[in-house]
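Student: got a sequence here, can you build the structure:
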Amino acid sequence: MKQYIVDVFTDTIFSGNQAAVCVLDKCLSNELMQNIAKENNFSETAFAVKSGERYQLRWFTPAGEIDFCGHATLGTAYVINRFYCPKCSKVKFDTAHGELEVSIRNGILILDAPAYPLTEVKVTQEMTNAIGVSPIAAYLSRDLMLVLKSQSDVENLKVNSQLLQNLDGLCVAVTAKGEEYDCVSRVFAPELAVIEDPVTGSTHCMIAPYWSKVLNKKELIAYQASSRGGVLYIKVEGDRVKVGGKVVLFACAEILSDFQV
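Tutor: As a prediction, this is how the structure comes out:
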């Protein structure tokens, strides 16, 4: 079984966010997909199965299946375009998050996805204790987004991963207005066995609408300030967010085992 490893939201190997991508002839069992994700130990392993002109796509973290992953979707579209359908300018996916489409334009892959609603919630002492600094605002959807005063607060943050698990939200994002970029962020997901996610496309479907409104800009360039780092090119269009980025291939592999697929 073929497996590809890509770095997403970067044009340089060893940066951006890693994803493993398996393009399959038929579905695997949930148990097998989970075990492969555990073995890879990346934030996401994606499994795509061709279905007519589209692909069924699922994403697994080392701890379990997730309902939506941006960087692994871009990574999967990159693999399909490079190895399976080089003439395709668009790749469509059926997912637990609905229909997703990735366009390929001038070396940048662009994911069209629903925006997360921004529901403001009260800033609590538990939030401050978990991230070590007091947020100036907080919003909750699938993820919890904490707005900080400055880029340096985001970059220098030292979180308590155990306390993070007590907060609402699948992921916990911190964000601030950027200096070189429109906004900067970091994202943590200890519940998914991912202490810090290097670059998170899905959470920018929440981060981008916030900064689009605050900055009065529809097009944003965002930077996720993890140790690997990554750049996202974003356009907010009503209740949709287009999240773009570059992808580079790290490795092609053959999964060798005596398991039954």
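Student: where along the stretch 51-200 of the chain do the strands fall?
Tutor: 54-61, 64-66, 90-95, 98-105, 108-114, 119-121, 137-140, 144-147, 172-177, 183-189, 194-197 (DSSP state E, counting those that start in this stretch).
Student: mean pLDDT and mean neighbour count added to these, as a markdown table?
Tutor: Backbone N, C-alpha and C define where each C-beta goes, glycine included. Converted to a markdown table, the strands of the stretch 51-200 of the chain look like this (pLDDT from 0 to 100; neighbours: other C-beta atoms under 10 Å):
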| stretch | mean pLDDT | mean neighbour count |
| --- | --- | --- |
| strand 54-61 | 97 | 22 |
| strand 64-66 | 95 | 17 |
| strand 90-95 | 96 | 19 |
| strand 98-105 | 95 | 16 |
| strand 108-114 | 96 | 20 |
| strand 119-121 | 97 | 12 |
| strand 137-140 | 98 | 19 |
| strand 144-147 | 98 | 25 |
| strand 172-177 | 98 | 24 |
| strand 183-189 | 97 | 26 |
| strand 194-197 | 92 | 19 |
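Student: out of those strands, nearest to Gly229?
Tutor: Judged by C-beta to C-beta, the one of those that comes nearest to Gly229 is strand 183-189, at 10.1 Å.
Student: what's the angle between the closest one and strand 54-61?
Tutor: 70 degrees (axes from the mean of the first three to the mean of the last three C-alpha atoms, to 10 degrees).
Student: strand 183-189 pairs with which strands?
Tutor: With DSSP bridges as the test, strand 183-189 is paired with strand 172-177 (antiparallel), strand 194-197 (antiparallel), strand 219-224 (parallel).
Student: for Ile104, find the nearest of those.
Tutor: strand 219-224 (18.7 Å).
Student: just give me how far the closest one sits from the chain centre.
Tutor: 14 Å (C-alpha atoms, centre = their mean, to the nearest Å).
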